[in-house]
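> Next input, structure requested:
(chains A and B)
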Amino acid sequence: MERETRVLEVFLPLLFQPIQPGDRFAGRVAYPYVGISLEPGGLGYYCDVARILAQCNHRPNAAVQSMFEFWKGRTTRELIRESAPFEASKALPSDEWMTESRPAFPLYRIGGIVLDYEKLLSWGTAGLQQNTEESPLWSAPVQSLCAILRRVISTYVDQARQLGSTDIADSLLAIQNRPPASVRDAIQLLWIVALSSGTWNYGRLDDILGPYLQADLKDGSLTDESATDLVVALWDLISQYDNKWNNRVIVGGKGRKNPEAADAFARIAIEASRRVRRDQPQLSLRFYGGQDPDLLRRGLDSIAEGVTFPILYNDDVYVPAVSRAFRVTEEEAEQYLPYGCGETVLSHCSVSSPNGVMNLPLCLLIALFGGVHPQTGVAMGVMGSVPNSLDELWQRYCLEVDRGMEALAAYQRHIYDVTGTEAAFIVASVLGSDCVNRDKTLLAGGSRYVTACVETYGNTNVADSFAAIEHTRVSLDAMREAIRANWVGSEDLRHSLVSSPKYGNDDPNGDRWAVRVHEQACGSANRAGERIGWDRHHIVIINNSVNVLFGQLTPATPDGRSSGDTFANANNPAPGNDRNGVTAFINSLVKLDASLHAGAVQNMKFSPDLVKRRRPLFESLLDVYFAKGGAQAMITVVNRADLEAALLEPEKWGHLMVRVGGFSARFVDLAPDIQREILERTVHD
Amino acid sequence: MTKLTGVIFDIQRSAMHDGPGIRTTVFFQGCPLRCRWCHNPESWARPWLKGQSAPKSRSATADEILEVVELDRAFYERSGGGLTVSGGEPTAQPEFLVQLLTEAKSLGFHTCLDTTGLFGSSLLARLFPITDVFLLDYKASSSVEHQELTGVDNRAIAATRKRLVATGANVILRCPLIDGANVNGRHLSEIARISRQVAQTQLLPYHSLGRHKYEALGIRVPLAGVPSMSSDRLDELRDAIVLRGGVRVEVG
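All right, here's what the predicted structure looks like:
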């Protein structure tokens, strides 16, 4: 802990960057080249060699060389890899998931922590010290941390004064020791501490900031308009922090302590997102039967304008699903938070992270080819004779998935163990629910729930592959030959595979396999967790354009997909395969049980004509989707014609926002292959 | 009841332009009209007549169709939608049509019949209790024009319309508008007049998307050179109809 405190003394002042003219709050950051982080800089103690080399034009001087020497073998990531358990290492020999074609890779990060901001705001830094002074473990580090934070704040006060930003200076002075009394001060303290912690998902800001906002509105120190300006200013800084895969803000939902005040903040938050029209923050609206319908209505208005936010979460389905998946009470489950691209964590009492990626279609191919990669012939699976029937193939596929899941679970535990030994993550620990009471650090017994998840990709392609093999009764020898040749000479076979039943059309022959693949992957992750003593190890079916990347690295698959083609996006049908209308698409989606995993994302694309001119129909579709068990929806409102126009004249279409998967982006900023994948998705109109 | 078999060429789910709400539309094979703007020429042939074939059609029982319709019941209930029978001309298979609509009603589905109106009063009497909304085409105002543009004169069709209006049926008038074919002052005035007698009037712009189907069927494209109608032009025509006294007129 002493080491970490001393690192923070240097690290935090370097992390924080000057206030820029026009800022309404202090708090910009640039991650130092070396330091300690949960995820943004690297995992644990990191040394960002690539960035340093780029900075010195790949000609490091002697001092830099000796720094590299010092860090060699000392970064947390290297320590993890070097000491990884043998079996897990064997199954996960590489970390190069962006360039190598393999079924599974570990990831190095702790991505799913949200701090207890309510505690922070009610205590202030002084309260934080008082409430930890009895603790043998935490007393000294918290004293040091608060001293560092006060120095950061003092520096910012000087800057604010120089810039003439008295409102910023006043807020900073107000929170230097005391708890905040206004929403402005509350945002300022929250923001500085969030940045100090290395977390970048913020939880239920409506419930946390609502009471401050309500008091300010009541006493006249703010109006709706000036409050919206403040939230817009916070959104600007979140956007500057720039991680479009995270930066989640949650509003609405069950289990809020101050629902009325929270609703007031939520309305302003939706309006702020509508105004800034950026890809961040990822504003997410939770709703349920008993909530003021005005919030959802405003959310849909914003979506109809093409904003892509808020992302919608149906608590009537999600809360029971989280309760079942995470084995917690419904009351605890009410404090679920979507983070990142769509994973779930329990607010400030659980650690969670997606620490592995799995390429399910490649698992299928390796099973089909008896344990070897179909293109390279490299052994990378469970070796054995090649399967010759559908049943045998299914058994072999399950073995491949189990092998990957078991390796990833073991590796994940190892990541937590090594990282927990290396780093206490002081800010995240003391602002979690249990570390102080337990006198333990976050990853060494301090967190109430330790959970983890594996990102699976191509689930739909695997399901469609099995459905197509079943439907066409193709011999697996012929299948292998066709895949090796990437369909050359097997065009007729490919045609019949492509025209076989596909998931997404409410066709039992397609959807049955989607359910089977889904349940197998979910169950496999659970069992792999249990083997290492975890009862909360899940898959997540999210998307962050890895469906495109993994597609590029994967040979042809039995659903008729060609080598290199994109995978389906998350839980969705493969692009263009949902040909039976939006009602059928929705009926298929809700067949996948939401209570078996730690998050799945559903992308839906609707035409502006439907959403604006025929709004009651659009709302009917969503209502039925949610009533039938739809847990989540990310909606893009866009014309195909607009997307095509944007490809031709990107300079005119900078405003066009689309939901890629687990994140939003300006369409014109996306890589051509991702643009193409989005274009190919069905627009419902 | 004897289970009849009908000939259909498609079942389309999530239909949002074929009557109120979200619907499932069943397209019946066969049509006695030959509208020059028809974008479904493959629906014309009546394979039960000698010398006609419809390779893309298939036979189906009412039960088979209603099994598909059932899948989206929740969507109909929420949106006020249901089953739409379209074509082709559904009344070209009268007994099967009556059986399908009767069974649909007994299962509690809202029903729409999309029809040209070319059928007699006895069939209408049978359809009346099992059809919630009639989507009734209105294509040309003069008999001569009607004959020229659709291949049949409009006497029986006008009689059906008058009977529907007189019995107080729920009618949505559907008016395809094609510049250079049926758009003229008299027709717009007639649409305006009739609009006052029906629940709603929808203006349907001509689109040339069906052209390739004619080519595929080896039929000469009847309106070659006529472009799809722009939404501005359609708004203009709607305004003209409203100026002539039209009410509840919407662009479709």
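
> From here on, just use CA atoms for contacts and neighbour counts.
OK.

> Check the stretch 351-500 of chain A for the residue nearest chain B and tell me.
In the stretch 351-500 of chain A, the residue that lies nearest chain B is A:Ser499 (16.5 Å; CA to the nearest CA).

> Could you list the residues in contact with stretch A:145-156?
A:5, A:8-9, A:12-13, A:16, A:18-19, A:26, A:125-126, A:129, A:169, A:172-173, A:176-177, A:426-427 (CA atoms under 8 Å, 6 or more residues apart in numbering or on different chains).

> out of those, which are buried?
Buried subset of the contacts of stretch A:145-156 (neighbour count, 16 or more other CA atoms under 10 Å in any protein chain shown): A:5, A:8-9, A:12-13, A:16, A:19, A:26, A:125-126, A:129, A:169, A:172-173, A:176-177, A:426-427.

> State the distance from B:Ala62 to chain A.
Computed as CA to the nearest CA, to the nearest Å, the B:Ala62 to chain A distance reads 19 Å.

> ok, and the closest non-adjacent residue to that residue?
Nearest residue to B:Ala62, sequence neighbours excluded (CA to CA, 6 or more residues apart in numbering or on different chains): B:Leu100, at 5.0 Å.

> Please enumerate the helices of the stretch 451-600 of chain A.
Along the stretch 451-600 of chain A, the segments classed as helices by DSSP state H, counting those that start in this stretch run A:459-472, A:476-484, A:491-498, A:508-531, A:546-552, A:582-589.

> and those helices as JSON lines, adding mean pLDDT and mean neighbour count?
Output for the helices of the stretch 451-600 of chain A, formatted as JSON lines (pLDDT from 0 to 100; neighbours: other CA atoms under 10 Å in any protein chain shown):
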{"stretch": "helix A:459-472", "mean pLDDT": "98", "mean neighbour count": "25"}
{"stretch": "helix A:476-484", "mean pLDDT": "98", "mean neighbour count": "18"}
{"stretch": "helix A:491-498", "mean pLDDT": "97", "mean neighbour count": "18"}
{"stretch": "helix A:508-531", "mean pLDDT": "97", "mean neighbour count": "21"}
{"stretch": "helix A:546-552", "mean pLDDT": "95", "mean neighbour count": "23"}
{"stretch": "helix A:582-589", "mean pLDDT": "95", "mean neighbour count": "24"}
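
> what would the ones you listed look like in JSON lines with distance to A:Asn61?
Output for those, formatted as JSON lines (distance: least, CA to CA, whole Å):
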{"stretch": "helix A:459-472", "distance to A:Asn61": "48"}
{"stretch": "helix A:476-484", "distance to A:Asn61": "49"}
{"stretch": "helix A:491-498", "distance to A:Asn61": "57"}
{"stretch": "helix A:508-531", "distance to A:Asn61": "46"}
{"stretch": "helix A:546-552", "distance to A:Asn61": "36"}
{"stretch": "helix A:582-589", "distance to A:Asn61": "56"}
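
> What is the subsequent helix or strand relative to the strand or helix carrying A:Ile52?
If you go by DSSP states H and E, A:Ile52 is part of helix A:49-55. Next helix or strand after helix A:49-55 toward the C-terminus (DSSP H and E): helix A:62-71.

> in that following helix, what counts as buried?
Under the neighbour-count criterion of 16+ other CA under 10 Å, helix A:62-71 has A:68, A:71 buried.

> burial of the residue in the stretch 1-150 of chain A positioned nearest to chain B, as a residue count?
The nearest approach of the stretch 1-150 of chain A to chain B comes at A:Gly112, 36.5 Å away (CA to the nearest CA). If you count neighbours by other CA atoms under 10 Å in any protein chain shown, A:Gly112 ends up with 28.

> Using the three-state scheme, assign it.
Secondary structure, DSSP: H, G, I helix; E, B strand; the rest coil: A:Gly112 is coil.

> That one contacts A:Ser353, correct?
Yes. Shown here, A:Gly112 and A:Ser353 form a contact pair, counting by CA atoms under 8 Å, at 5.1 Å.

> who's in contact with the closest residue to A:Ala321 other than its chain neighbours?
With sequence-adjacent residues excluded and distances taken as CA to CA, 6+ apart, A:Ala321 is closest to A:Ser595, at 3.9 Å. Counting by CA under 8 Å, 6+ apart, A:Ser595 makes contact with A:318, A:320-325.

> So which of the contacts of stretch A:145-156 are in helices?
Mapping the contacts of stretch A:145-156 onto helices (DSSP state H) picks out A:5, A:8-9, A:12-13, A:125-126, A:129, A:169, A:172-173, A:426-427.

> Which pLDDT value belongs to the residue minimising distance to the centre of chain B?
Chain B has B:Asp114 as the residue nearest its centroid, 3.4 Å off, counting by CA atoms, centre = their mean. pLDDT recorded at B:Asp114 is 97.

> just checking, it touches B:Val85?
Yes. If you go by CA under 8 Å, B:Asp114 and B:Val85 touch, sitting 5.9 Å apart.

> Now for A:Pro672, how many residues are close by?
By other CA under 10 Å, neighbour count at A:Pro672 equals 12.

> State the pLDDT value of it.
A:Pro672 carries a pLDDT value of 84.

> State the mean pLDDT of stretch A:181-188.
Here stretch A:181-188 scores 98 as its mean pLDDT.

> which residues sit in contact with residue 180?
Went with chain A since none was named. A:Pro180 touches A:121-122, A:124, A:174, A:186, A:189, counting by CA under 8 Å, 6+ apart.

> oops, chain B please
B:Gly180 neighbours (CA under 8 Å, 6+ apart): B:Val226.

> Tell me how far it lies from chain A.
In terms of CA to the nearest CA, B:Gly180 sits 28 Å off from chain A.

> Return the residues in contact with the residue of the stretch 1-150 of chain A closest to chain B.
Neighbour list for A:Gly112: A:199, A:201, A:339-340, A:343-345, A:351-354 [criterion: CA under 8 Å, 6+ apart].

> The closest residue to A:Leu442 other than its chain neighbours and A:Leu137, how far apart?
Excluding the flanking residues, the one nearest A:Leu442 by CA to CA, 6+ apart is A:Ser429, at 5.0 Å. Going from A:Ser429 to A:Leu137 by CA to CA, to the nearest Å gives 11 Å.

> and these two? which has more neighbours close in?
Taking other CA under 10 Å, A:Ser429 and A:Leu137 do not tie; A:Ser429 has more neighbours (26 against 17).

> Can you get me a residue count around residue 128?
Since you didn't name a chain, this refers to chain A. 23.

> The intended chain is chain B.
15.

> Then the one 3 residues further on?
Using other CA under 10 Å, B:Thr131 has 23 neighbouring residues.

> Which residue, neighbours along the chain excluded, lies closest to it?
Using CA to CA, 6+ apart, the closest residue to B:Thr131 is B:Thr111 (5.3 Å).

> The strand or helix carrying the one you found packs against which elements?
Assigned by DSSP H and E, B:Thr111 belongs to strand B:110-115. Strand B:110-115 sits against strand B:82-86, helix B:94-106, strand B:133-137, with contacts defined as 3 or more CA pairs under 8 Å, 6 or more residues apart in numbering or on different chains; DSSP states H and E.

> Out of those, indicate the one that is most buried.
Of all the helices and strands packed on strand B:110-115, strand B:82-86 carries the top mean neighbour count, a mean of 28, counting by mean count of other CA atoms under 10 Å in any protein chain shown.

> one step back: what's the residue nearest to the centre of chain B in contact with, if anything?
B:18, B:84-87, B:89-90, B:134-137.

> now do 10 Å
For B:Asp114, the contact set (CA atoms under 10 Å, 6 or more residues apart in numbering or on different chains) comprises B:18-19, B:25-27, B:84-91, B:133-137, B:172-174.

> Dihedrals phi and psi, the residue nearest to A:Ala646 when sequence neighbours are not counted?
Of all residues not flanking A:Ala646 in the chain, A:Trp653 sits nearest, at 5.4 Å (CA to CA, 6+ apart). Per-residue torsions, A:Trp653: phi -120, psi 30 (degrees, to the nearest 10).
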